[in-house]
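Undergrad: Attaching a predicted model along with its sequence, questions to come.
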Amino acid sequence: MIKLTNHISYALAVVAALALGLMMLHVTADVIGKYFFNSPIPGTAEVVASYYMVTAVFLPLAWVEISGGSIVVDILYDLFPSTTKKLLLVVATTLSSLFYGGLAWLSWGPAIHAWKIGEVVEGTWRVVIWPTKFILPLGLALACIIMLIRLVEISRGNYQPIEASDTKG
């Protein structure tokens with residue numbers, strides 16, 4: 001299960017990176033079209049906001065958790081004994097799983113609603129956005145699963161948090 005979630009998380013992070021690259025190319029082409037040819041690409045703002053940014057933010061959440069990339073403030077954590085550290089890790093991981101799971105659950109209903117009504121954004125161009133509404137619950141649910149797996153690993157004594165010094169080059 002751990003390998004599967006790691007592979008899925010990594011694949012979604014790659015998709016997010018590709019979305020960032022496409023966003024860069026799209027916006028660059030739009031700016032060039034606007035200022036050099038007086039012909040911007042219609043719907044660029046809508047596509048950037050509804051597709052690229054949502055993909056770049058929510059798809060890599062699980063990978064960020066796996067790789068230890070989330071922001072951690074451990075000023076006092078290092079001062080505690082190992083049993084207290086483990087308890088704090090369980091509490092933090094539990095709260096994170098509840099947070100991710102709760103947001104995934106809350107975003108599922110609006111995604112279904114957007115799909116049922118065929119949600120679009122009207123701007124200079126009509127952009128269908130209902131598919132992107134499913135990116136939120138997908139990314140958040142996978143991050144929740146990662147946190148639940150981490151809880152199991154902590155309880156088994158198999159989880160070692162990534163230290164801040166481990167992530168510096």
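TA: That came in fine, so what should we check first?
Undergrad: Show me the shaky parts of this protein.
TA: 162-169 (pLDDT under 70).
Undergrad: And the strands in the chain?
TA: Ranges of strands in the chain, per DSSP state E, are 120-122, 126-128.
Undergrad: any idea which of those is most buried?
TA: Ranked by mean neighbour count under mean count of other C-beta atoms under 10 Å, those are led by strand 126-128, which reaches a mean of 15. In short, each C-beta sits where N, CA and C put it, glycine included.
Undergrad: Tell me, how many residues neighbour L148?
TA: 17 (other C-beta atoms under 10 Å).
Undergrad: so how far is M1 from it?
TA: Separation of L148 from M1 (C-beta to C-beta, to the nearest Å): 10 Å.
Undergrad: Can you list the residue ranges for helices in the chain?
TA: Per DSSP state H, the chain carries helices over the ranges 2-36, 44-47, 53-58, 61-66, 82-117, 135-156, 164-167.
Undergrad: W125 is nearest to which of these?
TA: Across the helices of the chain, W125 has its closest neighbour in helix 44-47 (6.6 Å, C-beta to C-beta).
Undergrad: contact partners of that closest one?
TA: 26-27, 30, 121, 123-125, 127, 129 (C-beta atoms under 8 Å, 6 or more residues apart in numbering).
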